[in-house]
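> Only the shape, not the letters, is given here:
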């Protein structure tokens, strides 16, 4: 069994400063047809994550563990921040939409298709520095 650890660090740039949930697709009419697309901010965020991932292209079944570290509000006092550090984050974004963003970014990069993921464990906590930790376990 092979284990790979990946750390994604976020930048102080709007749209790339914290983990982003997968939004709903958008639709626009072009003549008689309707085109479906994802918002550009989501696409930019997904590409940002993907650039920090190694190109593994594994075809084996995978067990994935994700840890989302969400930044605390800047308006919070130092006391409140100290109280909430490493505590469960229960507000938006929803954990399932955060997971979808990561799985989509890893398609055709870490693995061939996210259908290879047979088990997933996910946590979402408050943190000083927003980040994403990914642990992959290949089953041989």
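Everything's here; your move. Predicted model, so just to flag it, every value in this text is computed and none were measured. Residues are numbered from 1 along each chain as shown.
> Does anything pack onto the helix or strand encompassing residue 7? Which helices or strands?
For residue 7, the host element (DSSP states H and E) is strand 2-9. Secondary-structure packing of strand 2-9 (3 or more C-beta pairs under 8 Å, 6 or more residues apart in numbering; DSSP states H and E): strand 131-138. In this view, the C-beta of every residue, glycine as well, is placed from N, C-alpha and C.
> what are the pairing partners of the strand it packs on, and which direction each?
The strands that strand 131-138 pairs with in its sheet are strand 2-9 (antiparallel), strand 62-71 (antiparallel) (by DSSP bridges).
> can you redo these as a markdown table with distance to residue 37?
Output for the strands paired with strand 131-138, formatted as a markdown table (distance: least, C-beta to C-beta, whole Å):
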| stretch | distance to residue 37 |
| --- | --- |
| strand 2-9 | 24 |
| strand 62-71 | 25 |
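> quick one, which of these is nearest to residue 87?
Closest approach to residue 87 among these is made by strand 62-71 (10.5 Å; C-beta to C-beta).
> Could you pull up the mean pLDDT of that closest one?
The pLDDT scores in strand 62-71 average 98.
> so how far is the helix or strand just after that strand off the chain centroid?
Scanning forward in sequence from strand 62-71 by DSSP H and E, the next helix or strand is helix 78-84. Counting by C-alpha atoms, centre = their mean, to the nearest Å, helix 78-84 is centred 25 Å from the centre of its parent chain.
> ok, now stretch 120-140?
9 Å.
> average pLDDT for that stretch?
Per-region confidence: stretch 120-140 scores 96 on mean pLDDT.
> Tell me which helix or strand residue 48 sits in.
Per DSSP H and E, residue 48 falls inside helix 40-51.
> and the strand holding residue 7, how far out from the chain's middle?
That offset, for strand 2-9, works out to 13 Å (C-alpha atoms, centre = their mean).
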